[in-house]
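# Sequence and predicted model, in that order:
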Amino acid sequence: MRKVKSKLLIFCVVIGCLMAAAPAYAEPYFMLDTELEWQEAKNGGHIKAMGPADWFDYMYQWQNFTKEGEPCPNDPFIPAQSPTGELYVYGGGGGGGLDPNDAGLVMVWGDPCTPDGNYSSAYKFDYLLDPSLVNCTITVTVTAPQLDQNGNQMNRVSLGLQDAAGAIRAWYWNCPNPIPWNVPTKITIDTSKVGVNAATPVASAYMNNPGFNLAQVQFIIVDENGAWVGGPTPAPAPGSGMIGMWNYWHWLMVTPNTTVDKGIYKKWSQPPVVIDPNADPPVISGWDEQSDYKVPPIVADDWNCTDDRPVTDIHWWGSYIGWTQPYPPQLPIAFHIGIWTDVPDPNPANPLDFSHPNDLIWENYCDNYVWNFTGYDKDPRIPPQGPNEPGNDADMDACFQFTQLLSQNEWFHQQPDPCDPNGRIYWLSIAPVWDPCEPMMFPWGWKTRPHYFNDDAVSMRAMPWPPVVGVTKWLNGTPIQLPPWPNPEGITWDVAFELTTNEPAYADIPIPGDLNADKIVDFVDFAILADNWLVTFP
């Protein structure tokens with residue numbers, strides 16, 4: 001079992017080596033979750049306290065371009081920077097509420113001598129570029145404090161997007177409804193929508209400059225408005241003890257809107273299993289089973305061929321062990337994909353016997369594959385540490401779907417077993433091929449999924465190595481089970497992949513009137529029609 005401490009150690013060592021060159025976020029997608037990620041973004045100039053001139057412009061657009069709800073109140077602005085405040089990273093570790101558990105960003109503004117009244121402050125995330133945020137989801141979690149019972153509290157929080165030309169689209173939420181006090185609350189914005197309903201929870205107001213360009217967003221603006229009453233000392237800011245108004249922001253993330261299943265002609269489909277279909281991004285049940293073409297083992301899984309349509313496209317899901325950002329840390333120069341013959345389980349009653357691949361009969365070095373972000377996995381081998389969401393669990397790697405479209409001369413033309421109407425079983429193996437001149441920072445693993453078909457997926461070795469068509473045969477290996485094989489209580493696990501074709505099945509485009517799908521229209525179809533003619537449903 002992979003240990004959380006080992007994962008964090010690898011992550012910290014690698015990121016520590018890269019700290020000298022802070023990322024420029026050329027990709028629109030990122031996640032700030034750990035203390036290190038927040039600190040790196042702040043040190044790299046991506047997180048900045050907003051100044052008075054920027055605030056004036058933000059309020060000007062709220063006053064002139066509000067579309068739903070009331071304009072955001074233009075209260076006196078106190079910058080979260082010396083000498084009137086501070087913007088700093090807090091490592092978390094508290095019990096929650098006014099002492100947050102998650103790492104994040106604290107924005108402190110004002111001091112005990114601030115006159116009673118309502119005030120605002122803001123910070124912004126600067127891409128330092130202007131990527132497109134079309135069809136994305138922006139997520140941030142806020143803990144809006146009620147600092148005491150005397151009225152020192154957050155009244156409002158807002159989130160805005162500003163394009164490279166300065167035009168802004170923004171939303172705000174009132175406290176304590178729909179943003180409660182002292183409770184971590186996740187806010188999401190679906191950029192494929194507009195208005196207050198683009199936000200979850202539904203926003204209290206929405207503003208949009210008609211010149212705003214979602215395809216050139218440079219800044220994410222985060223604003224907060226609070227009431228200061230003074231009097232008895234309110235709760236201090238976490239990690240610093242500073243007295244004043246403050247707010248806590250954690251888990252800032254931008255991800256593409258995505259689905260696990262892409263919906264095309266399928267010959268064989270065993271995609272990842274989504275734990276919560278309503279989560280955004282999706283949370284997937286499984287872990288990364290390491291596979292490598294140069295250094296064994298390679299992972300393989302069985303599948304059933306039931307028709308003679310060729311395999312023209314291959315899709316598989318995997319993660320980089322220990323990597324949480326919604327884009328890959330590096331890409332293999334290729335993936336080696338192999339198809340193998342099957343050796344059936346010689347004795348299903350014996351848990352030590354299992355089916356496995358035998359001969360490698362087809363292979364492809366996929367060097368023009370594409371990838372897309374799919375969601376986050378939840379490793380069932382590690383006890384949960386919070387809700388099934390990134391940032392609430394220490395072992396949730398970013399998951400990616402990889403796709404290879406095969407040229408016609410590369411298609412796999414399989415043969416169903418004429419003696420078995422249930423088809424012919426093959427095995428599929430997938431392993432990355434790394435550039436020998438580029439150090440591998442995060443090992444790649446094929447995404448596991450709960451059992452789908454026949455026997456377990458296997459982690460295998462073959463002879464000779466690396467595999468070669470027509471020469472390589474199975475040597476040894478172990479089934480992928482939980483608990484690990486040969487535990488007698490082990491439960492079968494498979495890996496996630498789909499084999500698709502550019503030829504529809506008959507069921508996809510049947511002959512009109514062929515009600516029993518036997519590829520002819522005859523008396524039997526008319527009998528079926530007559531039998532159902534007067535059938536109605538409640």
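Good, I have the coordinates. Numbering: from 1, shown residues only.
# least trustworthy helix or strand in the protein by mean pLDDT?
helix 4-18 (a mean of 38; mean pLDDT, DSSP states H and E).
# Skipping its backbone neighbours, what lies nearest residue 205 in space?
Of all residues not flanking residue 205 in the chain, residue 69 sits nearest, at 2.8 Å (Cβ to Cβ, 6 or more residues apart in numbering). Every C-beta, even on glycine, is put in place using the N, C-alpha and C of the backbone.
# which residues does that neighbour contact?
172, 196, 203, 204, 205, 206 (Cβ atoms under 8 Å, 6 or more residues apart in numbering).
# How many neighbouring residues does the second one have?
By the other Cβ atoms under 10 Å criterion, the neighbourhood of residue 196 contains 18 residues.
# ok, back up a step: run the chain-centre distance for the helix or strand following the least confident helix or strand of the chain.
Using DSSP states H and E, the helix or strand that follows helix 4-18 in sequence is strand 30-32. Chain-centre distance of strand 30-32: 11 Å, with Cα atoms, centre = their mean, to the nearest Å.
# just checking, what packs against the very next helix or strand once past strand 30-32?
Downstream of strand 30-32, the first helix or strand assigned by DSSP H and E is helix 35-43. Using 3 or more Cβ pairs under 8 Å, 6 or more residues apart in numbering; DSSP states H and E, the elements in contact with helix 35-43 are helix 4-18, strand 30-32, strand 85-90, strand 104-109.
# Can you tell me the strand partners of the second one and which way each runs?
Read it as strand 30-32. strand 245-256 (antiparallel) (DSSP bridges).
# one step back: if we only consider the contacts of residue 69, which is nearest to residue 94?
residue 172 (26.9 Å; Cβ to Cβ).
# Skipping adjacent residues, who's closest to residue 270 in space?
Closest to residue 270 by Cβ to Cβ, 6+ apart is residue 452, at 4.1 Å.
# ends of stretch 272-281, how far apart?
Terminal residues of stretch 272-281 are spaced 14 Å apart (Cα to Cα, to the nearest Å).
# Next: stretch 363-374.
26 Å.
# Check stretch 138-154 too.
End to end - Cα to Cα - stretch 138-154 spans 22 Å.
# Sort out which residues of that stretch are buried, please.
Of the residues in stretch 138-154, 138-147, 152-154 count as buried by neighbour count, 16 or more other Cβ atoms under 10 Å.
# and what of stretch 36-52?
36-42, 44, 46-50.
# what's the answer for stretch 201-213, then?
Quick answer for stretch 201-213 (16+ other Cβ under 10 Å): 203, 204, 205, 206, 207, 208, 209, 212, 213.
# element containing the fourth one, please.
I take that to be residue 206. strand 205-208.
# which is the next helix or strand following that strand?
strand 217-228.
# Count residues in the vicinity of residue 85, would you?
Neighbours of residue 85 (other Cβ under 10 Å): 21.
# Neighbours of the residue nearest to it when sequence neighbours are not counted, how many?
Take residue 85 and drop its neighbours on the chain: the residue closest to it by Cβ to Cβ, 6+ apart is residue 109, 3.6 Å away. For residue 109, the neighbour count with other Cβ under 10 Å is 28.
# try residue 375
Neighbours of residue 375 (other Cβ under 10 Å): 27.
# who does it bridge with?
residue 399.
# Quick one: residues contacting it.
258, 260, 272, 274, 279, 281, 282, 283, 284, 398, 399.
# Need the per-residue pLDDT for it.
Note for residue 375: predicted pLDDT of 91.
# For it, give its distance to residue 497.
Separation of residue 375 from residue 497 (Cβ to Cβ, to the nearest Å): 16 Å.
# again with residue 175
From residue 175 to residue 497 the distance is 46 Å (Cβ to Cβ).
# which residues are in contact with stretch 126-136?
So stretch 126-136 is in contact with 24-29, 45-48, 161, 163-164, 191-192, 214-219, 254-257, going by Cβ under 8 Å, 6+ apart.
# now stretch 187-196
67-69, 133-142, 157, 159, 161, 169, 171, 173, 179, 198-206, 208, 214, 257, 280.
# Among those, which ones are in helices?
In helices, judged by DSSP state H, none of the contacts of stretch 187-196 are found.
# From residue 494, how far off is the residue nearest to residue 205?
For residue 69 relative to residue 494 (Cβ to Cβ), the value is 49 Å.
# Pairing-wise in the sheet, spell out the partners of residue 492.
residue 481.
# That one against residue 449, yeah?
No. Applying Cβ atoms under 8 Å, one finds residue 492 not in contact with residue 449, separated by 10.6 Å.
# what about those two, which has more around it?
Higher neighbour count among residue 492 and residue 449: residue 449, with 24 against 18, using other Cβ under 10 Å.
# Now do the phi/psi pair for the more buried one.
phi -150, psi 160 (degrees, to the nearest 10).
# list the contacts for it?
Applying Cβ under 8 Å, 6+ apart, the residues contacting residue 449 are 270, 271, 272, 273, 284, 285, 286, 493, 494, 495, 496.
# can you redo those residues as CSV with secondary structure?
Listed next are the contacts of residue 449 as CSV, based on DSSP: H, G, I helix; E, B strand; the rest coil:
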residue, secondary structure
270, strand
271, coil
272, coil
273, strand
284, strand
285, strand
286, coil
493, strand
494, strand
495, strand
496, coil
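# May I ask which two of the residues you listed are separated the most?
271 and 493 (14.4 Å).
# Just the mean pLDDT for whichever strand or helix holds residue 318, thanks.
In the assignment (DSSP H and E), residue 318 maps to strand 313-320. Across strand 313-320, pLDDT averages out at 96.
# quick one: low-confidence ranges for the chain?
Residues of the chain meeting the criterion pLDDT under 70: 1-26, 259-264, 384-395, 416-419, 421, 504-538.
# does residue 84 really touch residue 110, like I thought?
Yes. If you go by Cβ under 8 Å, residue 84 and residue 110 touch, sitting 6.9 Å apart.
# Can you work out which residues contact both of these two?
residue 78.
# Show me how the protein divides into domains.
The chain resolves into domains spanning 24-256, 266-500, 512-538 when parsed by automatic domain parsing.
# residue contacts, residue 464?
So residue 464 contacts 471, 472 (Cβ under 8 Å, 6+ apart).
# go with 10 Å
The neighbourhood of residue 464, defined by Cβ atoms under 10 Å, 6 or more residues apart in numbering, consists of 471, 472, 473, 475.
# on that earlier part again, can you tell me which of the contacts of residue 375 has the most neighbours?
In these, the most neighbours by other Cβ under 10 Å go to residue 284, 29 neighbours.
# quick one: that one and residue 319 touch, right?
Yes. With contact defined as Cβ atoms under 10 Å, residue 284 reaches residue 319; the gap is 9.2 Å.
# who touches both of these two?
By Cβ under 10 Å, 6+ apart, the residues touching both residue 284 and residue 319 are 374, 376, 377, 396, 397, 399, 447.
# Could you tell me how many residues sit around residue 475?
Residue 475: 12 neighbours (other Cβ under 10 Å).
# Please name the residues that touch it.
296, 460, 461, 462, 463, 464, 465.
# Wait, a helix at the third one?
What it means is residue 461. No. Per three-state DSSP, residue 461 lies outside any helix segment and is strand.
# ok so, going back, distance to residue 456 and secondary structure for the contacts of residue 464 - can I get that in TSV?
Conversion of the contacts of residue 464 to TSV gives the following (distance: Cβ to Cβ, whole Å; DSSP: H, G, I helix; E, B strand; the rest coil):
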residue	distance to residue 456	secondary structure
471	26	coil
472	21	coil
473	20	strand
475	17	strand
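# quick one on the thing from earlier: for the buried residues of stretch 138-154, give me TSV that also has distance to residue 502.
Formatted as TSV, those follow (distance: Cβ to Cβ, whole Å):
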residue	distance to residue 502
138	36
139	36
140	42
141	43
142	47
143	51
144	52
145	57
146	59
147	62
152	64
153	60
154	55
